[in-house]
Structure formats: C-alpha cells, structure tokens
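Enquirer: Here's a sequence, model it:
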Amino acid sequence: MTKLPQRFYWCLGAAAGLVVAALIAFLWSLAEDQRPPLTPADVQGTWTSWSAPDGGRLTVRPDGTADLQRVAKPAPDCGMPSEPVPSTYSGPATWVFDTYPDEWPGIRFDYQSPLSGKTCTIYLPITISEQNGTLGFFPHDFRSHYKRDTAHPG
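Expert: Numbering: from 1, shown residues only. Down below sits the predicted model:
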C-alpha cells in the first residue's frame, strides 16, 4: 500500500467516527427532551411575576378557571378599558393544557376582552425543575416571567 491510499483510509475512518459521534449526540439530546406530561397539580396555585416590579399574578384552579391580574395584553384590543392605553388585563379566564409553537408544553388562558368582546388567548409555556421550581413565561411579552408559589396550591 502506498501512503496516499493509507491517508485516505485514515480520513475516511475519522469522518465515520465524527458521523457516529454526531448521531449519538443527537439521539442523546432527543432523550433528554422527553418530559412527562403536565398535570393539574403541576399548574394549579398562585403564580407571581418575578421579572417586573408591577408584574402580574395568576391564580390557576384545577377546575379549569383562573384569575389574571395585571397580565400583559396579547393583542391590541385585549386590555382593560379603564387604562388610558390598555396594556394589561385583570379578570376571570379559563385555561387548558396546550403548547405554544416552538415552546415547551404549558397552559393556554382564554378570556373575553372587555374592550371588544372577542376571545383573547395567552400561552404560558412551563418548565419544572428541582433547582428552580415551576416557571413560566408569556411568549408575547418577553418581560413576563412567572414562578408558581408552592406554599399555596390552588
């Protein structure tokens, strides 16, 4: 064998090793993303905004009802008529398990807009970890990060 073909086989072996390593890393990342489905016990309780000083508060009940306080509006006509520029909503809502596109599973809040009477929708993707507890955020408002208070469930 000459040196040229031997070098070719070494490069071919190295490339095959890289492909196998990349495949193993990809499969490993898929296995890590397997989360158990959310249950009512995971989401019920009081959620408080920790990212904004005048942030909102969510009260989620296991029966599918919720109360939202000072929650950033998801659309132009979904705020409160009492505000000069409607920027938040406070009032009753319903919730169901749902997944916002390209986000984690979570819950979706629906409520009737006091301005237009139309149904407004807000998604709250949720992550649960032993280190940080149960966290959620609103994709429509990058400042709205919430943490569930485990001391007062429901």
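Enquirer: what about the strands in this structure?
Expert: Ranges of strands within the chain are 45-49, 57-60, 65-72, 88-99, 105-112, 119-129, 133-138, 141-149, based on DSSP state E.
Enquirer: Which residue comes closest to Thr121 once chain neighbours are left out?
Expert: Asp110 (5.4 Å; CB to CB, 6 or more residues apart in numbering). To be clear about C-beta, it is placed using only N, CA and C from the backbone, and glycine gets the same treatment.
Enquirer: Give me the distance between the one you found and Gly45.
Expert: 19 Å (CB to CB, to the nearest Å).
Enquirer: Counting neighbours, go ahead and name the busier of these two.
Expert: Gly45 (19 against 14; other CB atoms under 10 Å).
Enquirer: middle-most residue in the chain, spatially?
Expert: For the chain, the residue nearest the mean C-alpha position is Pro125 (1.7 Å; CA atoms, centre = their mean).
Enquirer: who touches that residue in this structure?
Expert: The contact partners of Pro125, by CB atoms under 8 Å, 6 or more residues apart in numbering, come to Thr99, Tyr100, Glu103, Trp104, Pro105, Gly106, Gly136, Phe137, Pro139.
Enquirer: Go again with 7 Å.
Expert: Residues in contact with Pro125, defined by CB atoms under 7 Å, 6 or more residues apart in numbering, are Tyr100, Glu103, Trp104, Gly106, Gly136, Phe137, Pro139.
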